[in-house]
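>>> Attaching a predicted model along with its sequence, questions to come.
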Amino acid sequence: MNTKIRATAVFLFALLLITSCGSNRKSGNTDNSVKDTVEIKYAKGFDISSYEHYKKITVYNLSEQGRTQQTIYLVDNKDVATPDDGLKIVVPIGKIAVASVTYYGFLAALGELETVKGVCSPDIAYNRYITDGYKSGAIANLGDSFSPDLEKLVVLHPDIFMLPSYQQQDEMIKRLQNAGIPFVFNNEWMETSPLARTEWIKFVAAFYNKSAEADSIFDQIESRYLEAKKTAASATDKPTVLMNANFKGTWYMPGGKSYVANLVADAGGDYFYKNDTTVGSLALSFETVLKNFNSADVWLNVPVGSMAELLAMEQRHNLFKPTKTGNVFSFMGRYLPSSANDYWETALVEPDVVLKDIIWALHPSLLPDYKPVYIQKVAISK
């Protein structure tokens, strides 16, 4: 597939993830035998409770009104008795297979990348450990994330196979169950705030008995994020913001309560749909976007690295003010020709850095010496 076309396809698929829906979860376990719980400040998609002989993780499907999607029991040996309504996993695990690149950041932060023995689509991984492992044969290629290679999974026999629930295709799940592959759903992508997504590091850490480490890591990230948000709040103006791009007649714009809209708000930006209650994407016509955003001050998250590519996608993109002022930005600061983008990997555990990147784009005077990491300015064509 042509690299540019593939990059655009990856962008659009990722866009569906970053603007995906969420809602309130159901209340947790009220069993009096609960000894302790892991503090979850922002995430709504999971909780962790400690009992005398095991830990219980409950995963919620936020796209289905917080329905309990999976129950997992963590034990220190396989002989520990647990309720029969969930999956029993002996921890700490030593071998994991993953279906999404978004988990690499969590695993790297916890120092557990060496436990990764199988991944889906390794050719679009940015993480050097993963790509080197795949090339050397130490990490198995499990194929496409929507249809992983079951035979390779059976041979690999990981302690867990971690995957997002947007891949919960009934037939595939039945095949995994019949093959005896223990799988767990990591629904970080459903969260609608940056810190909520990052807090899923506590979910991943539980499988390695590293809850204390995860708490410490998250607390530091939270502190830096809130400090950056405070910096943005000191701005005297709020630049208007346009996001994404037209693709084949449809412009997918973040809903007002989406992950990206919340990031822009925290960075001190003014988004036209800020009062919209949608947590997913808004499918808009080019004409609607032009009417509401033609004079926007800043254009964020274009899916290409050059103005020529942006205009090749849609010549009418040049009708928007930022193409003339030079305030057009992509999240391709750490992007490879293979379409690998660290924005989908490490950035998940660096929301404070992403926030500062956006503040730099919207309010450069607030961060005069800042060097952006994930964001980059798209050059104006001469």
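Arrived safely.

>>> need the contact list for the residue nearest to residue 270 when sequence neighbours are not counted.
Among residues not flanking residue 270 along the chain, residue 238 sits closest, at 4.0 Å (Cβ to Cβ, 6 or more residues apart in numbering). Any C-beta I mention is one placed from the backbone N, CA and C, and that applies to glycine too. Neighbouring residues of residue 238 by Cβ atoms under 8 Å, 6 or more residues apart in numbering: 268, 269, 270.

>>> The longest helix belonging to the chain: how far from the chain's middle?
Longest helix in the chain, counting residues (DSSP state H): helix 211-233. Helix 211-233 sits 17 Å away from the centroid of its parent chain (Cα atoms, centre = their mean, to the nearest Å).

>>> With stretch 320-328 instead?
28 Å.

>>> Could you number the chain from 37 rather than 1 from now on?
Done: numbering now begins at 37, and the last item shifts to stretch 356-364.

>>> Touching it from outside, list them.
Applying Cβ under 8 Å, 6+ apart, the contact partners of stretch 356-364 are 278, 326, 329-335, 338, 343, 346, 353-354, 397, 413-416.

>>> ok, of those residues, which come out buried?
Buried residues within the contacts of stretch 356-364, defined by neighbour count using 16 or more other Cβ atoms under 10 Å: 278, 326, 329, 332-335, 338, 343, 346, 353, 397, 414.

>>> Tell me which helix or strand residue 298 sits in.
Assigned by DSSP states H and E, residue 298 falls within helix 295-302.

>>> Low-confidence ranges, the protein, go.
Scanning the chain for pLDDT under 70 picks out the ranges 37-68, 203-205, 417-418.

>>> max-length strand in it?
strand 103-111 (DSSP state E).

>>> Direction included, what does that one pair up with?
Strand 103-111 has the following sheet partners, assigned by DSSP bridges: strand 91-97 (antiparallel), strand 123-126 (parallel).

>>> Dump the longest one to PDB, keeping only the CA atoms.
What it means is strand 91-97. What follows is strand 91-97 as a C-alpha-only set of coordinates in PDB (Å, rounded to 0.1, in the frame of the first residue of the first chain):
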ATOM      1  CA  LYS A  91      -7.200  -9.200  43.800                       C
ATOM      2  CA  LYS A  92     -10.300  -8.600  41.700                       C
ATOM      3  CA  ILE A  93     -10.200  -6.400  38.500                       C
ATOM      4  CA  THR A  94     -13.500  -5.400  37.000                       C
ATOM      5  CA  VAL A  95     -13.400  -4.000  33.500                       C
ATOM      6  CA  TYR A  96     -16.300  -1.800  32.300                       C
ATOM      7  CA  ASN A  97     -17.500  -1.200  28.700                       C
END
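
>>> quick one: it to chain centroid distance?
Distance of strand 91-97 from its chain centroid, counting by Cα atoms, centre = their mean, is 19 Å.

>>> Phi, psi for the residue nearest to residue 183 when sequence neighbours are not counted please.
In space, and not counting its chain neighbours, residue 183 is closest to residue 208: 6.7 Å by Cβ to Cβ, 6+ apart. Here is the backbone geometry of residue 208 (degrees, to the nearest 10): phi -70, psi -40.

>>> Which members of the buried ones among the contacts of stretch 356-364 define the maximum pairwise distance?
326 and 397 (21.6 Å; Cβ to Cβ).

>>> before we move on, the earlier item: buried ones in the longest strand of the chain, by neighbour count?
Buried residues in strand 103-111, counted by 16+ other Cβ under 10 Å: 104, 105, 106, 108, 109, 110, 111.

>>> What would it look like as CSV? C-alpha coordinates only.
Output in CSV follows, covering the C-alpha atoms of strand 103-111 (Å, rounded to 0.1, in the frame of the first residue of the first chain):
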residue,chain,number,x,y,z
ARG,A,103,-21.7,-2.6,31.7
THR,A,104,-19.3,-5.0,33.4
GLN,A,105,-17.4,-6.5,30.5
GLN,A,106,-14.9,-8.7,32.3
THR,A,107,-13.9,-9.9,35.7
ILE,A,108,-10.3,-10.9,36.4
TYR,A,109,-8.9,-12.5,39.6
LEU,A,110,-5.2,-12.2,40.3
VAL,A,111,-3.6,-14.8,42.5
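
>>> got the contact list for that strand?
62, 89-97, 118-119, 121-127, 201, 204, 220-221, 223, 242-243.

>>> and which of the buried ones among the contacts of stretch 356-364 is nearest residue 381?
residue 338 (19.9 Å).

>>> if I look at the closest one, how far off is residue 345?
With distances defined as Cβ to Cβ, to the nearest Å, the gap from residue 338 to residue 345 amounts to 9 Å.

>>> from memory residue 241 sits against residue 250, does it?
Yes. Contact criterion Cβ atoms under 8 Å: residue 241 and residue 250 qualify, at 3.4 Å.

>>> Could you tell me which residues touch both of these two?
residue 146.

>>> So these two - more neighbours on which side?
residue 241 (25 against 22; other Cβ atoms under 10 Å).

>>> Select, out of the strands paired with strand 103-111, the one closest to residue 160.
Minimum separation from residue 160 across the strands paired with strand 103-111 (Cβ to Cβ) falls at strand 91-97, 25.5 Å.

>>> and the angle for that closest one with helix 247-269?
40 degrees (axes from the mean of the first three to the mean of the last three Cα atoms, to 10 degrees).

>>> any idea which residue sits dead centre in this protein?
The centre of the chain sits closest to residue 225, judged by Cα atoms, centre = their mean, with a distance of 4.8 Å.

>>> is it true that that residue lies in a helix?
Yes. Counting by DSSP: H, G, I helix; E, B strand; the rest coil, residue 225 is part of a helix.

>>> Contacts only, for residue 77.
231, 235, 258.

>>> 7 Å instead, please
residue 235 (Cβ atoms under 7 Å, 6 or more residues apart in numbering).

>>> Please report how far it lies from residue 227.
Taking Cβ to Cβ, one finds residue 77 at 12 Å from residue 227.

>>> what residues are shared contacts of these two?
Counting by Cβ under 7 Å, 6+ apart, nothing touches both residue 77 and residue 227.
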